[in-house]
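> quick one: sequence and predicted model below, then my questions.
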Amino acid sequence: LPHFWQTAWFRVLSLSGTVLLTSGGVWYGTRRRMRRKLELLERQRAIERERTRIAKDIHDDLGASLTRINLLSQSARRSMDDEPQTVKNLDQICTTARQLTRAMDEIVWAVDPQHDTLDSLASYLGKLIHELMGDSGIRCRLDFPVQLPAWPVTAEVRHNLFLAFKEALHNVIKHSQATEVQISFALEPAAVVVNLTDNGCGFDPGGLTKTVLTGGLPRPRLNGLVNMRKRLEEIGGRCEIQSERGRGTHITFILPAKKTAA
């Protein structure tokens with residue numbers, strides 16, 4: 001007689017046991033991964049709820065207070081036209097309140113998860129252009145898409161790209177001596193591309209690679225240009241700066257599409 005481990009029924013039982021153990025291991029592993037995904041999703045939702053709460057609190061509380069400061073300052077100013085120094089001080093208070101209101105709006109936009117989209121990013125850049133360029137005396141030509149896909153964009157990506165773009169606009173207004181700037185927001189197959197081109201005085205971009213003052217660039221501007229590159233690098237993108245004395249400046253922000261939701 002054959003040994004029991006040599007019998008057909010033992011082989012069948014062994015095979016069945018192996019299948020059951022393997023299936024059980026796969027089931028347990030799948031269930032464990034799903035549980036981890038659900039826990040991660042719940043943590044993300046909790047973070048989004050907290051971001052929404054913070055954005056609302058900042059907007060409602062701080063926003064209302066800044067608006068009241070601005071209104072009270074304007075009212076006091078109108079009643080003190082015969083006191084030049086007081087009027088000057090009140091004007092400074094009004095200006096500071098408006099600046100703080102704008103900074104608060106930027107913080108709320110950066111924090112609020114409902115703005116974690118490509119469309120919100122493009123819209124907010126457009127709003128910034130209108131606010132900064134409106135009274136600059138520089139003609140502005142825009143080329144923004146009418147519709148954008150519903151791509152998610154993380155708060156970090158939005159914030160860094162926004163600050164780099166804002167720095168570029170400030171440079172155009174303060175330093176370029178330009179009469180016209182062209183700004184485009186384009187969605188290419190593998191990247192989001194933002195271009196700014198001015199017809200201003202230009203500069204020697206060689207100074208960007210050195211720590212000393214070169215190319216006639218004052219240090220604040222040099223630091224600003226370097227910071228633009230650093231901000232894009234932090235989010236997996238890059239900032240390309242092309243310029244020549246007397247030929248204007250062209251700045252390109254390139255963000256790989258896969259990084260928008262990184």
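In hand now; what should we look at?
> any chance you could list what contacts the helix or strand harbouring Arg68?
Assigned by DSSP states H and E, Arg68 belongs to helix 63-78. Defining contact as CB atoms under 8 Å, 6 or more residues apart in numbering, one finds that helix 63-78 is touched by Val87, Leu90, Asp91, Ile93, Cys94, Ala97, Arg98, Leu100, Thr101, Met104, Asp105, Val108. To be clear about C-beta, it is placed using only N, CA and C from the backbone, and glycine gets the same treatment.
> which ChimeraX command selects the buried ones in these?
Buried residues within these, by 16 or more other CB atoms under 10 Å, are selected in ChimeraX with:
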select :90,93,94,97,100,101,104,105,108
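> tabulate the contacts of helix 63-78 (CSV), appending distance to Leu41 and secondary structure.
Formatted as CSV, the contacts of helix 63-78 follow (distance: CB to CB, whole Å; DSSP: H, G, I helix; E, B strand; the rest coil):
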residue, distance to Leu41, secondary structure
Val87, 56, helix
Leu90, 51, helix
Asp91, 51, helix
Ile93, 46, helix
Cys94, 46, helix
Ala97, 41, helix
Arg98, 40, helix
Leu100, 36, helix
Thr101, 35, helix
Met104, 31, helix
Asp105, 30, helix
Val108, 25, helix
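> state the phi and psi torsions of Pro149.
phi -70, psi 160 (degrees, to the nearest 10).
> ok, it to Asp105 distance?
26 Å (CB to CB, to the nearest Å).
> what of Glu234?
With distances taken as CB to CB, Glu234 is found 23 Å from Asp105.
> now Phe253
Note on Phe253: its distance to Asp105, by CB to CB, is 21 Å.
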